Structure formats: C-alpha cells, structure tokens
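*Asks:* Provided below are the primary sequence and the corresponding predicted coordinates.
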Amino acid sequence: MRFLVLLVGVVSAGLAASAFSRAQEADPTPTPRSGYEFMAPQTQALQDDDFVNPAFFSVEAGERLWSTPMGSEGLSCASCHEAAETSMAGVAARYPQYDPDVGGLVNLEGRINQMLTKEMGAEALAYESEALLGLTTYVALQSRGMPMAVDIEGPARPYFEAGRDYFFTRRGQLDLSCSQCHDGLAGQKLRGDTISQGQINGFPIYRLLWNSTASRHRMFAWCNTSLRAEPEAAGSETYLALELYLAWRGGGLPMESPAVRR
Ligand code: HEC
Ligand code: HEC
C-alpha cells in the first residue's frame, strides 16, 4: 500500500510537470537507455562480474540441459545445434518474431518449447520453470553485446501496433499507462527504485526483489499488478505483442542477458 501511495504522488507530480498530451504519448521514442544505467552501483557490480551474478545459476542449469537428451526421440539441443556459442549467437536479439507455422508471434521461450514438442517428442516447459528459464538464459547469453533488432514489418506489423497500443493505454486503479512511467518519469526516484525506461534487453534478469531469475512476461505482470491492473498470462498474445513493441522501442541496445535488477 505504501508503494501505491508514493507512486500516486510521484506520478501526479510527474504528470503535472510534463502535462501529457495525446500527441506526446503517441511519439515519445526516447533514446534507448538500458535499465543498467538506472541501477545503483552495487547492483551494477553484481551484473559486471559473471562469477557473482546469481543469474549464472540459471545459465549453468541451461548449459547442462542443452546437452541432456530430453523426450521420446532421445535428442538433446546439442544433437542438432552443436555448440550454442556459435549456433545461438545473435538469435535472442531477433525475438519475438512472426512465425508463419504458428500464424502469430513466438518469443524465445516459445521457440524453445516448439523444439521440445515438435523436434524432440518432449513436453513443453512451464513459463518460469527452472528448466525453461535456464535454457532461455543460456541461449540469450549467446547474444550478449549484440544489438536488439526485431522485424516489425509484413505480417508482424499488426502485432507491433497492438503492442504499441497496449503500452500507451491507461489501465488499473491508478489509471496509468506503461508509457507514463517509463517514458514520462524515467530517471525519477520511486522509493528505492529509480524508474527506468522499462527496456527488455537484460532479460531473463536476476531480480533481487524476487531472489530469482525472471522472464520479460513476469516483469510485465508485476508492473500491471503494481497499478492494480489485471495481469495477462505469461506467453499470452497480448504480452507477446507488447514484447515485440518493447524490443523495437529498445532497438540497438546491446543485449545484457542475464542482467541484474533491483
Ligand atoms: C507506476 C509506474 C510504472 C508503470 C505505470 C509501469 N511500470 Fe514498469 N517498472 C516500474 C518500476 C518502479 C520498475 C523497477 C525499476 C525500473 O526498472 O524502472 C519497473 C520495471 C520495468 C521493467 C524492467 C526494466 C529492466 O531494465 O529490467 C520493464 C520491462 C517494465 N517495467 C515494463 C513495464 C510495462 C510493459 C508496463 C505497462 C504494462 C509498465 N512497466 C508499467 C514502474 C512502472
Ligand atoms: C531435431 C533437431 C533439433 C533439436 C533436437 C533442437 N532443434 Fe532447435 N532448431 C532446429 C531447426 C531445424 C531449427 C530451424 C532452423 C533454424 O532456424 O536454425 C531450429 C531453430 C531453433 C531456434 C531458433 C533459431 C533462429 O535463428 O531463430 C532456437 C532458439 C532453437 N532451435 C533452440 C533449441 C533448443 C534450446 C533446443 C533444445 C531444447 C533445440 N533447439 C533442439 C532443430 C532442432
């Protein structure tokens, strides 16, 4: 509750200061800045050193799974893709993307689950399960330092637009849009946090508040819940579209996965 009260204070001050108009809301396109820049030095230090970054437990779990046979075909990821360092380099930076076979967007988690179910005769893994977070983090690590670059044209376009609309729509008891905090108030203090631009180049992240590695969709749900808005399901079409918009919005930012965030 204290969080919410402070939030409303900060937000109304911010709103008064910047007098949001629809025109501003429609085209903020801030110069992308990674969430890293908004973290305290101690948090940055955890991310800077792979030996202390707690997300590397997930990386290690993913690395083990990569070469473990899973499913009825007796195959591992490595059976087909060999060394992830080469076969997966740059892959995560291009997700989410439109997949004609699915007739919709798939993100990295979705692609990995497709591999399990279609190529390996295994069950899909649950969102936020240690195994799926591990594989996703391990694959995403292979894009570290590479610029996020998703395709929003052609069949991806309507999803991109839906994601952008979602980002600018006010919702919840606080009647706030994602943009109002992450475009309008970026850099302002909110209790211990400095509000960032809400970029997604660090995911999966290790979130100290949760003591765990976490997906992009878990973070979206947390922000929705903080506004007293109904969160969407992880992996839902709405969150995939939002993810595509955010990946485009942060286009060019180097991938940091796995980042450490407060
Ligand atoms: C009331 C302000 C507020 C609103 C509105 C809000 N968030 Fe956030 N968001 C935060 C805070 C506080 C954090 C944690 C500190 C930070 O990174 O900004 C955060 C973090 C994030 C992050 C993680 C950034 C990183 O570098 O790891 C993402 C992504 C994000 N928000 C997306 C969203 C989306 C999508 C929406 C709309 C559904 C939204 N937020 C709405 C306050 C807000
Ligand atoms: C039977 C062979 C096979 C197995 C086993 C397999 N894959 Fe794949 N994978 C493919 C093929 C074929 C493609 C599509 C061609 C491509 O994009 O490289 C693909 C594509 C991918 C992609 C998308 C690459 C891109 O450029 O968009 C990812 C990520 C991926 N696989 C991860 C995995 C993971 C993780 C596992 C283990 C859980 C796995 N794969 C197991 C054959 C396999």
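*Replies:* Everything's here; your move. Ligands and ions are numbered 1, 2, ... in the order given.

*Asks:* for the chain, which residue gets nearest to ligand 1?
*Replies:* Gly35 (1.9 Å; C-beta to the nearest ligand atom). Any C-beta I mention is one placed from the backbone N, CA and C, and that applies to glycine too.

*Asks:* so who does that residue touch?
*Replies:* Contact partners of Gly35, counting by C-beta atoms under 8 Å, 6 or more residues apart in numbering, are Ser196, Gln197, Gly198, Gln199, Asn201, Gly202, Ala259, Arg261.

*Asks:* change it to 6 Å
*Replies:* Residues near Gly35 by C-beta atoms under 6 Å, 6 or more residues apart in numbering: Ser196, Gln199, Gly202, Arg261.

*Asks:* and what of Thr117?
*Replies:* Ala124.

*Asks:* quick one: pLDDT of it?
*Replies:* On pLDDT, Thr117 comes in at 98.

*Asks:* so how far is Cys181 from it?
*Replies:* For Thr117, the distance to Cys181 equals 37 Å [C-beta to C-beta, to the nearest Å].

*Asks:* circling back to that earlier point, who wins for most neighbours among the contacts of Gly35?
*Replies:* Counting neighbours by other C-beta atoms under 10 Å, the top entry in the contacts of Gly35 is Gly202, with 27 neighbours.

*Asks:* got the contact list for the closest residue to it other than its chain neighbours?
*Replies:* For Gly202, ignoring the flanking residues on the chain, the nearest one in space by C-beta to C-beta, 6 or more residues apart in numbering is Ala259 at 2.7 Å. For Ala259, the contacting residues are Gln47, Gly202, Ile205, by C-beta under 6 Å, 6+ apart.

*Asks:* repeat the analysis, applying 7 Å as the threshold.
*Replies:* By C-beta atoms under 7 Å, 6 or more residues apart in numbering, the contact set of Ala259 is Gly35, Tyr36, Gln47, Gly202, Ile205.

*Asks:* on that earlier part again, excluding its backbone neighbours, what's nearest the residue of the chain closest to ligand 1?
*Replies:* Ser196 (4.2 Å).

*Asks:* can I assume the one you found is in contact with Ala186?
*Replies:* Yes - counting by C-beta atoms under 7 Å, Ser196 touches Ala186, with 6.0 Å between them.

*Asks:* mind checking if stretch 175-191 is in reach of ligand 1?
*Replies:* Yes - using C-beta under 6 Å from any ligand atom, stretch 175-191 reaches ligand 1 at Leu176, Cys178, Gln180, Cys181, His182, Leu190.

*Asks:* any idea how far the fourth one lies from Tyr206?
*Replies:* This points to Cys181. Per C-beta to C-beta, Cys181 is found 22 Å from Tyr206.

*Asks:* same check, this time on the second one
*Replies:* Applying C-beta to C-beta, the value for Cys178 to Tyr206 is 22 Å.

*Asks:* the two: which has the busier surroundings?
*Replies:* Tyr206 (24 against 21).
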